[in-house]
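**Student:** predicted model follows, preceded by the sequence.
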Amino acid sequence: MCKAARVRFDQTWFRYARRAGWALTEVNATVDPGATVVVLGRNGAGKSTLLQLAAGVLEPVRGAVLDRPPVVGWVPERFPADQPFTTEQYLTAMAALRGLRGSRSRSEIDQWVERLGLGEHRHLRLGALSKGTAQKVGLAQALLVPPGLLVLDEPWEGLDSAARTLVPQIVAEVTRAGGAVLISDHRGEIASLPGAIRWSVQNGTVVTGVPAPEPAPEDVILELAVARAEADQVMARLSAEGHRILRVREERA
Ligand SMILES: Nc1ncnc2c1ncn2[C@@H]1O[C@H](COP(=O)(O)OP(=O)(O)OP(=O)(O)O)[C@@H](O)[C@H]1O
């Protein structure tokens, strides 16, 4: 079980430079242990800034982010692949930073390499990886130790369909273990995360408790059965065409 905490934005303000406008103003919000918070909002609204403040990558200019748990997994929108390491060397170094060494480090790395399909890329340099593969390395490093807070910035970007299906599973595993997940999503793919709480960032202001989309009186609700492997792609296509995905459920045998 990870060490979970109730992460709080307390009157948090942020701007990138002294003379720049505020990217976020007066954020007051709480992420409870075991919660999945989806951060919605247009390009440039401030989602990444909010996530970086939550992860501790950025420090607030005013106010504070309080009670961040000891282990925070941070997956940026673009994994910085311009580093002179192979996948294996990088993950070993990240495991050591997290206090994992020897056989414990190897077994965690093996597990995530296998799960994310990174086997054939293990001994390649990060700079030689495709964007999607580099994203998977970014995901693996964040999960080597179960995080009390997992922060995912647009995790679907660049991932292949097998890895996209894994994202909701990973989120569910982290929350089941008591960790919280904060995840940004500008394409509305989040429908595949049941029970998620929704926040919206609009012009630097964070609105919490955004209701899930409801059908309008003129709507017709279609129920579709889609092969599991294709579900994410179908949802992405439907969202891109302007349809709203209300609910996703899995029929269990
Ligand atoms: N490193 C930076 N330096 C200066 N301004 C920045 C920097 N990063 C972001 N900004 C500005 O801060 C504001 C919020 O950007 P942010 O990246 O948080 O938005 P976003 O909602 O995540 O957008 P996107 O979906 O495009 O990633 C924007 O006006 C952006 O131009």
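**Tutor:** Yes, it's here. From a predicted model like this one, the values you see are computed outputs, not experimental measurements. Numbering: from 1, shown residues only.

**Student:** mind checking the longest helix of the protein?
**Tutor:** helix 161-176 (DSSP state H).

**Student:** name the helices or strands packed onto the following helix or strand past that one?
**Tutor:** Next in sequence after helix 161-176, counting helices and strands by DSSP states H and E, comes strand 180-184. Applying 3 or more CB pairs under 8 Å, 6 or more residues apart in numbering; DSSP states H and E, one finds that strand 180-184 makes contact with strand 36-40, helix 47-55, strand 149-153, helix 161-176. Backbone N, C-alpha and C define where each C-beta goes, glycine included.

**Student:** taking helix 47-55 as reference, get the angle to strand 180-184.
**Tutor:** 160 degrees (axes from the mean of the first three to the mean of the last three CA atoms, to 10 degrees).

**Student:** partner strands of strand 180-184 and their direction?
**Tutor:** Here strand 180-184 is paired, per DSSP bridges, with strand 36-40 (parallel), strand 149-153 (parallel).

**Student:** for residue 183, what are its contacts?
**Tutor:** Contacts for residue 183 (CB atoms under 8 Å, 6 or more residues apart in numbering) come out as 36, 37, 38, 39, 151, 152, 155, 171, 190, 193, 196.

**Student:** doesn't residue 40 make contact with the last one?
**Tutor:** No - Residue 196 sits out of contact with residue 40 when judged by CB atoms under 8 Å, with a separation of 10.3 Å.

**Student:** can you tell me the closest non-neighbouring residue to residue 13?
**Tutor:** residue 62 (3.9 Å; CB to CB, 6 or more residues apart in numbering).

**Student:** what parts of the protein come near the ligand?
**Tutor:** Within the chain, the positions adjacent to the ligand are 16, 23, 41, 43, 44, 45, 46, 47, 48, 49, 186, 201 by CB under 6 Å from any ligand atom.

**Student:** 8 Å - rerun?
**Tutor:** Within the chain, the residues that sit near the ligand (CB under 8 Å from any ligand atom) are 16-17, 20-21, 23-24, 41-52, 77, 153-154, 184, 186, 201, 204.

**Student:** tell me the buried residues within those residues.
**Tutor:** 23-24, 41, 45-52, 77, 153-154, 184, 186, 201, 204 (16 or more other CB atoms under 10 Å).

**Student:** distance of the residue of the stretch 151-253 of the chain found nearest the ligand from residue 51?
**Tutor:** Using CB to the nearest ligand atom, the closest approach of the stretch 151-253 of the chain to the ligand is made by residue 186 at 4.8 Å. As defined by CB to CB, to the nearest Å, residue 186 lies at a distance of 12 Å from residue 51.

**Student:** over to residue 142?
**Tutor:** For residue 142, the distance to residue 51 - CB to CB - is 12 Å.

**Student:** all helices for the stretch 101-250 of the chain, in order.
**Tutor:** 102-115, 131-143, 161-176, 231-240 (DSSP state H, counting those that start in this stretch).

**Student:** burial check on the closest residue to residue 84 other than its chain neighbours, number of neighbours?
**Tutor:** Closest residue to residue 84 apart from its sequence neighbours, by CB to CB, 6+ apart: residue 125 at 7.0 Å. As a burial measure, residue 125 scores 15 neighbours (other CB atoms under 10 Å).

**Student:** bridging residues for residue 125?
**Tutor:** residue 86.

**Student:** quick one, what contacts it?
**Tutor:** 84, 85, 86.

**Student:** go again with 10 Å.
**Tutor:** 81, 83, 84, 85, 86, 87, 89, 90 (CB atoms under 10 Å, 6 or more residues apart in numbering).

**Student:** again with residue 142
**Tutor:** Contacts of residue 142 (CB under 10 Å, 6+ apart): 55, 71-76, 94, 98, 112, 150-152, 155, 170, 174.

**Student:** fine by me, thanks again.
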